[in-house]
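Pasting a predicted model and its sequence here:
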Amino acid sequence: MRPRSAVLLAVALGLSAALASCDSVVDAFVPDTITFDGVEIETLGDASFRLENDRLVVTNIGTSGEDGIGLWQSVDSAYLTFEPIDLPTNGTFGISVRDTDNEFLASIFAKDNGGGRHDIVFDIAPSIGVQAVTLQYLLGGQVLVEIPNFPFLNKTLRAETNAGSADGKNGSTRVVRSGGRYVVGQDYGEDDTKAAGAGAPEASGGCRFAQISLPVRVGDLTSVCADLVQVVIEDADLPADIRGAAVTGSYIDRFVITSVTVDDQE
């Protein structure tokens, strides 16, 4: 028969090992996942989400810029629409494309610059080697202004490049891929002035969406009223496969997704 002290020691060691195992499980971050509009979505950083009246409410968006959601599919296109987002002081919001190693490839973000306006900034991984992009400013599906060969601040580290400043509210964001071509976009078409219908108050200078100051003069134009800004990246070496897209923000506390549409690669 075993001595009582030996039995107690064995029990204590077993309990200690079990507790250590529990601690390792508690300490490991396991993201939440949910299927919304037929698309699996995962939380990023400290974000959490809940379904509310057929909408996905993403909360706990802090100051790190890493909180939000991920759509981890190698898709040809991803469109997300939101309730119009008011950026607070220092607030940011946008979408980035990640490669199969979860490394950043390209992004477009709105960044508060004070006075009710925000900068539209895009970024491309230096490893891609892109030197210039095409900027497009659209209204109702028509390209109003196009700036080809717009130089990108390609450095050894990521370098955000300004595509103009705007006064509207972001209502959707998108990624489209076709061959050696990526398009990342910020959409103001879901702005609440539009949702209010005819007779709604105009945003600025008669513009119902976003009055955008262009980064360079185009003819006589220094600004344009647009509902969509697109950055077109063309390069034969763009990765054919991606992990997916991430939508993140900072200082905004929460954002509400109203719809998600993706087209998978065939």
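Yes, it's here.

switch to C-alpha atoms for all contacts and neighbour counts from now on
OK.

low pLDDT regions in the chain?
1-30, 153-159, 179, 190-205, 236, 265-266 (pLDDT under 70).

Outline the domain layout of it.
Domains of the chain are assigned by automatic domain parsing as 1-30, 31-264.

For the ones you listed, give me JSON lines that also has mean neighbour count.
Listed next are those as JSON lines, based on neighbours: other Cα atoms under 10 Å:
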{"stretch": "domain 1-30", "mean neighbour count": "10"}
{"stretch": "domain 31-264", "mean neighbour count": "19"}
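
I'd like the distance between A110 and D187.
11 Å (Cα to Cα, to the nearest Å).

For I128, grab phi and psi.
Main-chain torsions, I128, degrees, to the nearest 10: phi -70, psi -30.

can you pull the contacts of it?
105, 237-238 (Cα atoms under 8 Å, 6 or more residues apart in numbering).

which stretches of the chain form helices?
With DSSP state H, the ranges of helices along the chain come out as 4-27, 192-195.

can you put the contacts of I128 in JSON lines and add distance to R98?
Output for the contacts of I128, formatted as JSON lines (distance: Cα to Cα, whole Å):
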{"residue": "L105", "distance to R98": "5"}
{"residue": "D237", "distance to R98": "15"}
{"residue": "L238", "distance to R98": "12"}
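
coming back round to it: what's the overlap in contacts for A110 and D187?
Residues within reach of A110 and of D187 at once, by Cα under 8 Å, 6+ apart, are N170.

Please, where are all the strands along the stretch 1-150 of the chain?
Taking DSSP state E, counting those that start in this stretch, the strands of the stretch 1-150 of the chain run over residues 33-36, 39-44, 48-52, 55-61, 67-71, 75-85, 92-98, 104-114, 117-124, 132-139, 142-151.

Ok, which of those strands comes nearest V175?
Set against V175 and scored by Cα to Cα, these come closest in strand 75-85, at 5.3 Å.

Tell me which strands the closest one pairs with, and in which orientation.
Under the criterion DSSP bridges, strand 75-85 sits next to strand 170-177 (antiparallel), strand 253-264 (antiparallel) in its sheet.

from the chain's centre, how far out does the last one sit?
For strand 253-264, the distance from its own C-alpha centre to the chain's C-alpha centre is 10 Å (Cα atoms, centre = their mean, to the nearest Å).

now swap in the shortest one and tell me
In this view, strand 170-177 has its centroid 8 Å away from the chain centroid, taken as Cα atoms, centre = their mean.

That strand to strand 104-114, inter-axis angle?
160 degrees (axes from the mean of the first three to the mean of the last three Cα atoms, to 10 degrees).

ok, for E40, nearest residue in space, not its chain neighbours?
Leaving aside its sequence neighbours, E40 sits nearest to I34 (Cα to Cα, 6 or more residues apart in numbering; 5.6 Å).

Quick one: end-to-end distance for stretch 49-62.
14 Å.

meant to ask about stretch 33-43, not that
7 Å.

ok, and what's touching that stretch?
For stretch 33-43, using Cα under 8 Å, 6+ apart, the contacting residues are 31-32, 49, 56, 67-72, 259-262.

and if we set it to 6 Å?
31-32, 68-71, 260 (Cα atoms under 6 Å, 6 or more residues apart in numbering).

related to what we said a few turns ago, what's across from the residue nearest to E40 in the sheet?
I41.

Same question for V145.
In beta-bridge terms (that is, DSSP bridges), V145 pairs with Y137.

Is it correct that it is in contact with Y137?
Yes - between V145 and Y137 there is a contact under Cα atoms under 6 Å: 5.2 Å.

Disregarding flanking residues, what is the spatial nearest neighbour of the residue positioned nearest the centre of the chain?
With distances taken as Cα atoms, centre = their mean, I95 lies nearest the centre of the chain, 2.0 Å away. Leaving aside its sequence neighbours, I95 sits nearest to V247 (Cα to Cα, 6+ apart; 4.4 Å).

Check the gap between the one you found and V57 for me.
Distance from V247 to V57, by Cα to Cα: 13 Å.

And for G185?
To V57, G185 is 22 Å away according to Cα to Cα.
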